[in-house]
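> How does the following fold in three dimensions:
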Amino acid sequence: MYYPRKNGLISKCYSWYFDFIFKINFSKFTYNKLTVQDDKAILVLANRFSWWDGFMLFQLNKKVFKKQFHVLVTSSDYQTINYLKYFGAFAPKNKGKDVIETLQYAGALLDDPRNLVLIFPQGKMRSSHSQNIVFEKGVIQVINASKKKFQLVFSVVLTDYFNKQKPEAEAYLHKWQAEEYISLQLLKSEYNKHYVNAISKQSQKAP
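Sure thing, here's the model as predicted:
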């Protein structure tokens, strides 16, 4: 598998750069406040609809979660966007056993309270107009590979132009109290409840 190669200096420089390009490309980027525990790791499940997604969550981690950032990406993204590894990106090199190793690695990260692991459960980019978020089974494999003592956060990022020249983005965050037994269907159902609720709130913002 491809492992993270964290570099504090490179990460700090790109973080400044992301702040800069957000201001250029978006009229604003907002999020709701969320209280998290310092003594537990965080698993963030988020919708994947644009190039910006991972970078938005990276910035949110600095402001809200304040953990060591890790994100599961595709092998293609890891290789073509070569600076992702400096932010904690990791990916399977091949299919089969390498995928299993990668998911187990993600589960082990969740056993360290200093960590945050970001996963896009869809597995690949989808339209922002999707009616619901599809979940690949790898999410459950990550959860089962951990000691299940982490916090679970749902994130839905939505964008709209309204009457502005540049789009505004908002991250709708929700901390879900996981049950003792989590099935893929339950996780998908609960996430999509939050997804639908976020779209409803977003539609009410129209001027």
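> Just the residues contacting the helix of greatest length in the chain, thanks.
Identified as the longest helix of the chain according to DSSP state H is helix 184-203. The contact list for helix 184-203, computed with CB atoms under 8 Å, 6 or more residues apart in numbering, reads 45, 47, 121, 132-135, 137, 139-140, 154, 156, 158, 160, 170, 172, 174, 176, 179. C-betas here are computed from N, CA, C, even on glycine.
> Also stretch 73-90?
1-7, 10-11, 14, 54, 58, 68-72, 91-94, 102, 105-106, 124.
> Buried members of the contacts of helix 184-203 into ChimeraX, please.
With 16 or more other CB atoms under 10 Å as the criterion, this ChimeraX line picks the buried residues out of the contacts of helix 184-203:
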select :45,47,121,133,135,139,140,154,156,158,170,172,174,176
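> mind listing which of the contacts of helix 184-203 are in strands?
Within these, residues falling in strands by DSSP state E are 45, 154, 156, 158, 160, 170, 172, 174, 176.
> What helix or strand is the residue nearest the centre of the chain located in?
With distances taken as CA atoms, centre = their mean, the residue of the chain nearest its centroid is Leu118 (3.8 Å). Element membership for Leu118, per DSSP states H and E: strand 115-119.
> where does the nearest residue to His70 once chain neighbours are set aside land on pLDDT?
With sequence-adjacent residues excluded and distances taken as CB to CB, 6 or more residues apart in numbering, His70 is closest to Gly88, at 4.0 Å. Predicted confidence (pLDDT) for Gly88: 92.
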